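J.: Sequence below, structure please.
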Amino acid sequence: MKDSRDKIDGWEMAELAEVYDTLAALIGRALELDMDHAGRALAVLCDDDEGLRLSRGQPEPTATHMRLLHSRVLWITVTYESRPDGGGQRVAEVTYQGAAGDLCSARSTLAFGYDDLPGLARQRMLASGRRAVCYQLYPVPDPRSPDEGG
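T.: Numbers count the residues shown, from 1 in each chain. Presented below is the predicted three-dimensional model:
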């Protein structure tokens with residue numbers, strides 16, 4: 001997602017902020033962290049400059065927070081989809097290891113109009129012929145990979 005952000009506009013920055021808020025809430029509930037710590041820790045975990053900029057002013061994650069995230073979070077994805085009814089949706093998902101060692105997933109789905117999908121996601125869908133595009137935020141994808149996890 002980093003390469004895509006070189007061309008990010010104000011609307012897409014607002015979408016990114018909403019995505020980070022959603023993911024921070026999911027991680028906070030799943031791992032019992034307050035949202036402020038979860039938000040900044042998420043940006044650090046994902047090694048995301050834009051996320052760090054968005055979370056400026058939030059408390060820096062402690063070493064304990066980061067160990068918790070590194071040991072329990074398995075992957076984080078955000079998928080944008082075009083729906084058969086002509087609309088679009090965003091699915092933010094955090095897959096993590098529960099306290100008992102079980103595989104768990106926390107997910108949030110938000111439906112909206114197709115035209116409200118981020119422009120870069122729509123472009124990737126049109127170019128690939130796919131109805132969905134998935135961005136892998138964690139583990140951080142190899143920058144040499146042509147398809148950011150999706």
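J.: Helices of the protein, start to end?
T.: For the chain, the helices defined by DSSP state H cover 10-31, 35-45, 49-54, 63-72, 119-128.
J.: Correct me if wrong: residue 36 contacts residue 58.
T.: Yes - counting by C-beta atoms under 8 Å, residue 58 is a contact partner of residue 36 at 4.7 Å. For every residue, glycine as well, the C-beta is placed using N, CA and C.
J.: Pick out the residue nearest the middle of this structure.
T.: Centroid check for the chain by C-alpha atoms, centre = their mean gives residue 78 as the closest residue, at 4.7 Å.
J.: now this structure, which segments are flagged as low pLDDT?
T.: 1-9, 143-150 (pLDDT under 70).
J.: if we go to 80?
T.: 1-11, 36, 141-150 (pLDDT under 80).
J.: Now stretch 57-71: buried residues?
T.: 58, 61, 65, 68-69 (16 or more other C-beta atoms under 10 Å).
J.: My error: substitute stretch 41-54 in the last question.
T.: Neighbour counts over stretch 41-54 (16+ other C-beta under 10 Å) mark 41-46, 48, 50-51, 54 as buried.
J.: For stretch 70-81, buried residues please.
T.: Buried residues in stretch 70-81 (16+ other C-beta under 10 Å): 72-73, 76-81.
J.: same thing with stretch 18-38?
T.: By 16+ other C-beta under 10 Å, the buried positions in stretch 18-38 come out as 19-28, 30-31, 33, 37-38.
J.: Which residues does that stretch contact?
T.: 39, 41-43, 51, 54-55, 58-59, 61-62, 65, 68-69, 72-73, 76, 78, 90, 92-94, 96, 104, 106-108, 110, 137 (C-beta atoms under 8 Å, 6 or more residues apart in numbering).
J.: Nothing else from me, thank you.
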